[in-house]
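Peer 1: Take a look and give me a structure for this.
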Amino acid sequence: MNKNAEFDKILAENKDKIFRICCAYEKDKDDRDDLFQQILINLWKSLDNFKGLSSLSTWVYRVAVNTSLVHVKSAVTRKNRFTALSENTNSVYNNSDADEKLETERQTRKLYGCINMLAEFDRLIISLVLEDMSYKEISEITGITVNNVGVKINRIKKELARLLGE
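Peer 2: Predicted coordinates:
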C-alpha cells in the first residue's frame, strides 16, 4: 500500500478520535483546528517510521497526544477561551430539537471545560477512556501499569464529578 493510501486509511479510521483528543487539549475552535492539522502533519511525517511494534491505533494516539502536549506547552501564554455556539443552530433544527441539541452542547462544553482543568497526564488518560480504550491499551500508550491505570481513572472520575458539581 502506498503512503497516500495508508494515510487516507489512518485518517478515515481515526479522525474522530483525533478530534476528541484535540477537544480535550484545546477549548478554542481555531486552536483546536490548528492542533488537529498539526497532528495530521506529524502523522504524515512519521508514517514511514512506524515499525508495527504496537497497533496502528496506539501509534496514532501516541503521535496525537505527544503533539497535543507540545502544542499546549508552546501555547502557555495564549488566553483560554471557550468555543461559542454556532449562530446557525436554531435555523437548522426545530425548537424541540434545538433545545435538546443546545443542552447537549452545553453539557459537552462543560465536560470538556472540566477536562481542560485536569493535569495534562490526567487529560490524556480520560481522553483514552472516552475512546473506550481498554486498561491494557491505556497502559501501553501512557507507560504506566494496568493497575495504576485503574487507580488513576477512579481518581479522575471523582475529580471530574467534583468539578462538574461546582
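Peer 1: Return the backbone torsion pair for the residue nearest the centre of the chain.
Peer 2: The centroid of the chain falls nearest to Ile21 when counting by CA atoms, centre = their mean (1.0 Å). The phi and psi values for Ile21, taken as degrees, to the nearest 10, are phi -60, psi -40.
Peer 1: buried stuff in stretch 147-161?
Peer 2: Of the residues in stretch 147-161, 149, 152-153, 156, 159-160 count as buried by neighbour count, 16 or more other CB atoms under 10 Å. Quick note: C-beta positions are derived from backbone N, CA and C, even for glycine.
Peer 1: mind putting these in CSV, secondary structure included?
Peer 2: Formatted as CSV, the entries for the buried residues of stretch 147-161 read as follows, by DSSP: H, G, I helix; E, B strand; the rest coil:
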residue, secondary structure
Val149, helix
Lys152, helix
Ile153, helix
Ile156, helix
Glu159, helix
Leu160, helix
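Peer 1: quick one: which of the residues you listed is nearest Arg123?
Peer 2: Compare each of these with Arg123 using CB to CB and the shortest gap goes to Ile156, at 8.9 Å.
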